[in-house]
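Asker: here is the input, now give the coordinates:
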Amino acid sequence: MSTVGVLGGGQLARMLALAGAPLGIRFLVVDSAEDACAAQVAPLLRADWRDFDALSDFARRVDVATFDFENVPADTARWLAERTRVSPNPRALAISQDRLAEKTLFREIGLDTPSFLAVDSRDELAQALRRIGAPSILKTRRLGYDGKGQFRLKSEADVDAAWDALAGAPAILEAFVPFDREVSVIAVRARDGEFRAWPLTQNWHADGILSASLAPAPHADALAPRAFAHARRLAEALDYVGTFALELFVCGERVLANEMAPRVHNSGHWTIEGAVASQFENHVRAVLGLPLGDTSALGIHAMLNWVGDLPDALAVLAEPRAHWHDYGKSARPGRKVGHATFCAADAAELADRLSRVGGALGRDAQVAPVIAALAQA
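Answerer: Reported below is the predicted structural model:
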């Protein structure tokens, strides 16, 4: 029986363990938090990322190590790679941790991106803003996630406030993108190079955090092949093994690469009930060298994210083909604590379900853009 080690003990590690259990796979999770929610379904090794005695024990007990989130230090991943297999590889992890390195790679392999410039001082920020123009977004190169570490500049008058807000951290200034919609490719690459992708997913955010996803994305027949080609090119450039996400802005005929996530992704949660093989199952298969599963969708699906606290589960569970996921985490503002997936045979059926749930939960604003997209499907 194989054992997968997961660095990070959040909900993604939890769902990886749940997906791997039917395959007879064991898991060992590393996290410094005593209440890491993955520990409810898999053994937990409490340790810091620099606790190399504990990590040596971890490496001896697993067949492969992978990640629950991308802020595991790349040096730790490289150290582990000398002692056990690490998938995805430390280079992929390191590049995804630095927005400048990430955007530079996108450009090098032929992906279109928003205009961007490195910013390491207040004067460089002012110069970059004059070149890129306003509005634009200043982002820390590292550790930004779910809208953190960002400041939107509306004019040159915002330079001082933006620089102070990021506390002088190395940054990147990006042109603001007035996109038509946001989509993501959830894809998986096997050890032998086989590449598969799930149907394109359309996403909506609130306060920088994913609020809802719809898959397959409506009117994506012309867009999907280009998006999948971008993801394949990225995976091959990084010699990537496992599931990953490539987030894209659609602006008329342009498709702009926003960022990648070197792990299973929130916008792919719908695949648990909505695809033949989920993103979590295929990640486990890929990192262990097993054949990949079918990524076909089973109908049309919407995922609603629960952020801060959980709504009433009864209103969701009363709907046919509705699936509730409680991550076992305590409530906290801005914290992802669960999600629900709604499955249907067609757009009209799915829109009806979302309308009822939105009304019952007082979340009409959350479901409204999804319903609007379904009406045009």
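
Asker: residue 370: what secondary structure?
Answerer: helix (DSSP: H, G, I helix; E, B strand; the rest coil).

Asker: the closest residue to residue 243 other than its chain neighbours: how many residues sit nearby?
Answerer: On the basis of C-beta to C-beta, 6 or more residues apart in numbering, the spatially nearest residue to residue 243 that is not a chain neighbour turns out to be residue 283, at 3.9 Å. C-beta coordinates here come from the backbone N, C-alpha and C atoms, glycine included. Residue 283 is flanked by 28 other residues according to other C-beta atoms under 10 Å.

Asker: what of the one 5 residues further on?
Answerer: Around residue 288 there are 21 other residues, counting by other C-beta under 10 Å.

Asker: surely residue 100 is in contact with residue 172?
Answerer: Yes: in this structure, residue 100 sits in contact with residue 172. The criterion is C-beta atoms under 8 Å, and the distance is 5.1 Å.

Asker: who touches both of those two?
Answerer: Between them, residue 100 and residue 172 have 116, 118, 141 as joint contacts when contacts are counted by C-beta atoms under 8 Å, 6 or more residues apart in numbering.

Asker: surely the last one and residue 99 touch.
Answerer: So that's residue 141. Yes: under the contact definition of C-beta under 8 Å, residue 141 touches residue 99, with a separation of 5.0 Å.

Asker: quick check: neighbours shared by those two?
Answerer: Here residue 141 and residue 99 have residue 172 as joint contacts, going by C-beta under 8 Å, 6+ apart.

Asker: before we move on, back to that, please pick the buried ones from the shared contacts of residue 100 and residue 172.
Answerer: In the shared contacts of residue 100 and residue 172, burial by neighbour count holds for 116, 141, counting by 16 or more other C-beta atoms under 10 Å.

Asker: and which of the shared contacts of residue 100 and residue 172 is nearest to residue 75?
Answerer: residue 141 (16.6 Å; C-beta to C-beta).

Asker: any idea how far residue 150 is from the closest one?
Answerer: Between residue 141 and residue 150 the distance, using C-beta to C-beta, to the nearest Å, works out to 12 Å.

Asker: also residue 183?
Answerer: The spacing between residue 183 and residue 150, counted by C-beta to C-beta, is 20 Å.

Asker: of those two, which one has the most company?
Answerer: With other C-beta under 10 Å as the criterion, residue 183 and residue 150 differ in neighbour count, and residue 183 comes out ahead with 26 against 17.

Asker: circling back: so which of residue 100 and residue 172 has more stuff around it?
Answerer: Per other C-beta under 10 Å, whichever of residue 100 and residue 172 has more neighbours is residue 172, with 23 against 18.

Asker: let's see which of the shared contacts of residue 100 and residue 172 end up in strands.
Answerer: Assigned to strands by DSSP state E, the following of the shared contacts of residue 100 and residue 172 qualify: 116, 118.
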